[in-house]
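Trainee: Next one to model:
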Amino acid sequence: MSVTGYVVGLPIFCDSGYIVLSGLNRGLARQTGTTMALMATSLAAGLYAVHCLVPPHPGAAAATETLGADFGRVILYGMLVAIPTACSGWLWARFAVRRLPSPGQMTGEDSPSVVPSRLPSLLLSVLPVAVPILLISIRSFTPAEGGHPALRLVQAAGMPEAALGIGILLALMSKRRWKRTDLNALLRSAIEKAGDILLIIGAGGAFGALIARTDLAGHLAGNDIVGSMGIFFPFLVAAVLKTAQGSSSVAVITSATMVLPVLPALGLDHETGKVFAVLAMGAGSMMVSHANDSYFWVISRFSGVGMATMLRVYTVATFIMGSVAIGAICLLSLFI
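Mentor: From the prediction side, this is the model:
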């Protein structure tokens, strides 16, 4: 599941990717008897690593544009750094679940149990997962501006909201007759899961906009201590912003505006330095994911893992992932 998250997460937001793959993740947990906390963190780590480090995800893409770094090198180096980063999250999860006081929730017992009398065909079972992934992936590789109606249709269908909506319709088609009570239970559960997440996203975005309005870059540009920190300065700025307001994308975008004026003082005002500055901000935006992060609640709600277990396993995993990522970036910089 960690490898699946890494591959699927390259063109897809981690939130959308986790929602699409959560059913597969729960099914594998049931069949293999694996603790859901391990399965959830493994999938989440693969998605999260590439989301924070690799364009075309919004944070990394915006930072690359702001700093004027080379997109190709950011993508290539980001994919390389994301491999040990995702592995570290998975390894920590394997270690952490052994220390849990109880096995934890295996399959997300809070989800309504709707068992059809006749299972759908393999094609109908795969389409709700495969079609949204395919639509979002195609959108990532098509030009954003195009006058041809087909391009506009691809852009519209590939938006995460539209793609997941199409996946929902395909999932509903897998059962010929729906009882009103079953359908109401599914919709009620979906609203309960999504409501809290939307509130957290709104609050985090508002706080991020407030931070962006402050003129922190002007205060930092003339500071001598900043110049001695090198690549660790963009990492620390992104880490502080991420921990404070929850959104990795907002943390990287805000950090890029703060780091740009001090690139000469940091010794990163050259092509390679800009690439590693972007990657360092991506590494910082991983740590620490906790209760103010919408992705934290997406994982918790769609896996059925409680908050205490999430903090002990997933949150610590994000701290380790960020540390491993900045270590891999420093190691990579020695050879390039």
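
Trainee: other SSEs contacting the helix or strand harbouring Ala162?
Mentor: Ala162 belongs to helix 160-173 when assigned by DSSP states H and E. Secondary-structure packing of helix 160-173 (3 or more Cβ pairs under 8 Å, 6 or more residues apart in numbering; DSSP states H and E): helix 14-32, helix 122-140, helix 149-157. Quick note: C-beta positions are derived from backbone N, CA and C, even for glycine.

Trainee: rerun that using 6 Å as the cut-off
Mentor: Judged by 3 or more Cβ pairs under 6 Å, 6 or more residues apart in numbering; DSSP states H and E, the packing partners of helix 160-173 are helix 122-140.

Trainee: what's the angle from the helix it packs on to helix 149-157?
Mentor: Interaxial angle, helix 122-140 versus helix 149-157 (axes from the mean of the first three to the mean of the last three Cα atoms, to 10 degrees): 110 degrees.

Trainee: Quick one: residues in contact with helix 122-140.
Mentor: The contact list for helix 122-140 (Cβ atoms under 6 Å, 6 or more residues apart in numbering) reads 8, 11-12, 20, 56, 154-155, 157-158, 163-164, 167, 170-171, 174.

Trainee: which one of those residues sits closest to Arg26?
Mentor: Val20 (12.5 Å; Cβ to Cβ).

Trainee: check contacts around the closest one.
Mentor: By Cβ under 6 Å, 6+ apart, the residues touching Val20 are Val129, Pro132.

Trainee: Report how many residues lie close to Leu151.
Mentor: By other Cβ atoms under 10 Å, the residues close to Leu151 number 15.

Trainee: Need the phi and psi values for Gly306.
Mentor: With angles defined as degrees, to the nearest 10, Gly306 sits at phi -70, psi 160.

Trainee: what bits of the stretch 151-300 of the chain have low per-residue confidence?
Mentor: 193-194, 196-198, 200-205, 207-209, 211-212, 214-227 (pLDDT under 70).

Trainee: re earlier: ok, and what's touching the helix holding Ala162?
Mentor: Contacts for helix 160-173 (Cβ under 6 Å, 6+ apart): Phe13, Ser16, Leu127, Pro128, Val131, Pro132, Leu135, Ile136.

Trainee: Flag whichever of those scores worst on pLDDT.
Mentor: Lowest-confidence member of the contacts of helix 160-173: Ile136, scoring 72 (pLDDT).

Trainee: Relative to Ser22, how far out is that residue?
Mentor: Ile136 sits 16 Å away from Ser22, going by Cβ to Cβ, to the nearest Å.

Trainee: With Tyr6 instead?
Mentor: 16 Å.

Trainee: How about Ile133?
Mentor: Separation of Ile133 from Ser22 (Cβ to Cβ) stands at 13 Å.

Trainee: Give me the more crowded residue out of these two.
Mentor: A side-by-side neighbour count of Ile133 and Ser22, using other Cβ under 10 Å, places Ser22 first with 22 against 19.

Trainee: nearest spatial neighbour of the more buried one, skipping sequence neighbours?
Mentor: Phe302 (4.0 Å; Cβ to Cβ, 6 or more residues apart in numbering).

Trainee: Would you check that that neighbour makes contact with Gly23?
Mentor: No - using Cβ atoms under 6 Å, Phe302 is not in contact with Gly23; the gap is 8.7 Å.

Trainee: These two - which one has more neighbours?
Mentor: A side-by-side neighbour count of Phe302 and Gly23, using other Cβ under 10 Å, places Phe302 first with 24 against 16.

Trainee: picking that back up, compute the inter-axis angle for the helix holding Ala162 and helix 14-32.
Mentor: Using the same axes, to 10 degrees: helix 160-173 against helix 14-32 is 30 degrees.

Trainee: mind checking how far helix 160-173 is from the chain centre?
Mentor: Its chain's C-alpha centre and that of helix 160-173 lie 20 Å apart, by Cα atoms, centre = their mean, to the nearest Å.

Trainee: Include distance to Ala244 when you put the contacts of helix 160-173 into TSV, please.
Mentor: Below are the contacts of helix 160-173 laid out as TSV (distance: Cβ to Cβ, whole Å):
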residue	distance to Ala244
Phe13	21
Ser16	24
Leu127	41
Pro128	36
Val131	37
Pro132	32
Leu135	34
Ile136	29
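
Trainee: If you rank the residues you listed by neighbours, which is first?
Mentor: Among the contacts of helix 160-173, the one with the most neighbours (other Cβ under 10 Å) is Pro132, at 26 neighbours.

Trainee: Distance of it relative to Ser16?
Mentor: Computed as Cβ to Cβ, the Pro132 to Ser16 distance reads 7 Å.

Trainee: what about Thr243, how many neighbours?
Mentor: 19.

Trainee: State the number of residues packed around the closest residue to Met39 other than its chain neighbours.
Mentor: Residue nearest to Met39 in three dimensions, not counting chain neighbours: Ala29, with 4.6 Å by Cβ to Cβ, 6+ apart. A count of nearby residues for Ala29, using other Cβ under 10 Å, gives 23.

Trainee: Let me know the pLDDT of Ala29.
Mentor: 89.

Trainee: quick one: it and Met36 touch, right?
Mentor: Yes - using Cβ under 6 Å, Ala29 is in contact with Met36, at 5.0 Å.
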